[in-house]
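Visitor: Mind folding the following:
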Amino acid sequence: MNDKRKIKVIVAKPGLDGHDRGAKVITMGLREAGMEVIYTGLRQTPEMIAQAALEEQPDVIALSCLSGAHQSLFPRVVEELKKRDMNNVLVIGGGIVPNEDIPFLKEKGISAVFGPGTSIKELSEYIREKV
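Guide: Numbering: from 1, shown residues only. Have a look, this model is predicted:
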């Protein structure tokens, strides 16, 4: 990556989950860590998230789900990215995701899953390491 360009991250809330405090904390924290961060807002469809990614060309998409629909929504976002030939975008997940669901999500293209209590430092270090 060019050192002069900030890492660009889209933070997105797929599905009907109406709680975005954590997503807003992540958005602000990653901005403070020197990244360019776009928060798409609540109730985004996988198609809307992929379209935003096509327009914004991020390095990373950080998905947040608290509703329990992560096993269907996160893989659908990855599928929509593939349809748009965006296979090089790092996709990470967060929210309330049971540990037993993480292997399935990784199999479906989610690079890592970060649960409640993950520090901004840990998250930003992971992103910098992978991008």
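
Visitor: Skipping its backbone neighbours, what lies nearest the spatially most central residue of the chain in space?
Guide: Residue closest to the mean C-alpha point of the chain, counted by Cα atoms, centre = their mean, is residue 62 at 1.1 Å. In this structure, residue 62 finds its nearest non-sequential neighbour in residue 11, 4.8 Å apart by Cβ to Cβ, 6 or more residues apart in numbering. From N, CA and C alone the C-beta is placed, and that goes for glycine too.

Visitor: Show me what that neighbour is bridged to.
Guide: residue 39, residue 62 (DSSP bridges).

Visitor: wouldn't it be in contact with residue 36 here?
Guide: No - with contact defined as Cβ atoms under 8 Å, residue 11 does not reach residue 36; the gap is 11.3 Å.

Visitor: These two - which one has more neighbours?
Guide: Each of residue 11 and residue 36 has its neighbours counted (other Cβ atoms under 10 Å); residue 11 has more, 25 against 15.

Visitor: Can you give me the distance of that one to residue 4?
Guide: Between residue 11 and residue 4 the computed distance is 23 Å (Cβ to Cβ, to the nearest Å).

Visitor: and residue 48, what does it touch?
Guide: Residues counted as contacts of residue 48 (Cβ atoms under 8 Å, 6 or more residues apart in numbering) are residue 40.

Visitor: Flag every buried residue along the helix or strand containing residue 51.
Guide: Using DSSP states H and E, residue 51 sits within helix 46-56. Under the neighbour-count criterion of 16 or more other Cβ atoms under 10 Å, helix 46-56 has 46, 48-50, 52-54 buried.

Visitor: before we move on, what about stretch 66-76?
Guide: Residues 66, 70, 73-76 are the ones in stretch 66-76 that count as buried (16+ other Cβ under 10 Å).

Visitor: Ok, stretch 13-30 next?
Guide: 13-15, 17, 20, 22-23, 26-27, 29-30.

Visitor: picking up where we left off before, quick one: distance of the helix holding residue 51 to the chain centre.
Guide: How far helix 46-56 lies from its chain's middle: 12 Å, per Cα atoms, centre = their mean, to the nearest Å.
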